[in-house]
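[1] Show me the folded form of this:
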Amino acid sequence: AVAARAGGALASRVTVGVACGDYFTLALTSRAEVWSWGSSAGCGQGRKRGRDALLSGSGGVGVTPRAMVALAGVAVTSVHAGPNHGVAASLGGDGFGGGK
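    Next up, the predicted model:
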């Protein structure tokens, strides 16, 4: 897992779940939002939109948590991570995932 600087918008939210990959971390808030930080070499941390938006590779490293725009508006209930992939489940029973 990668240490985060709990600043900005995430600092004002309550974290209810955390999932750690080899070099990235996902956090689930009480508002059902997913935030990410760390290396995006294997998974782009959902910061892009499009077909492979949830965790598509872009190769950067970020230590500041950022909201995953690919899941904006989705009521996420849980997050899980493997070495190079992440998954999220929604209140509606849908699953989202990406990575290697």
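
[2] make it CA atoms for all contacts and neighbour counts henceforth
    OK.

[3] Output the contacting helices and strands for the lowest-mean-pLDDT helix or strand in the chain.
    When each helix and strand of the chain is scored by mean pLDDT, DSSP states H and E, strand 61-67 comes last, with a mean of 75. Counting contacts by 3 or more C-alpha pairs under 8 Å, 6 or more residues apart in numbering; DSSP states H and E, strand 61-67 is packed against strand 34-39.

[4] now the strand it packs on against strand 61-67, angle please.
    Relative orientation of strand 34-39 and strand 61-67, computed by axes from the mean of the first three to the mean of the last three C-alpha atoms, to 10 degrees: 180 degrees.

[5] Rounded mean pLDDT for strand 34-39, please.
    For strand 34-39, mean pLDDT is 85.

[6] Name the strands paired with it and say parallel or antiparallel.
    strand 24-29 (antiparallel), strand 61-67 (antiparallel) (DSSP bridges).

[7] Out of these, indicate the one that is most buried.
    Most buried of these, by mean neighbour count (mean count of other C-alpha atoms under 10 Å): strand 24-29, with a mean of 24.

[8] What lies in contact with that strand?
    1-2, 13-20, 34-40, 76-81, 86 (C-alpha atoms under 8 Å, 6 or more residues apart in numbering).

[9] quick one, strands of this structure?
    With DSSP state E, the ranges of strands along the chain come out as 15-20, 24-29, 34-39, 61-67, 76-81, 85-90, 95-99.
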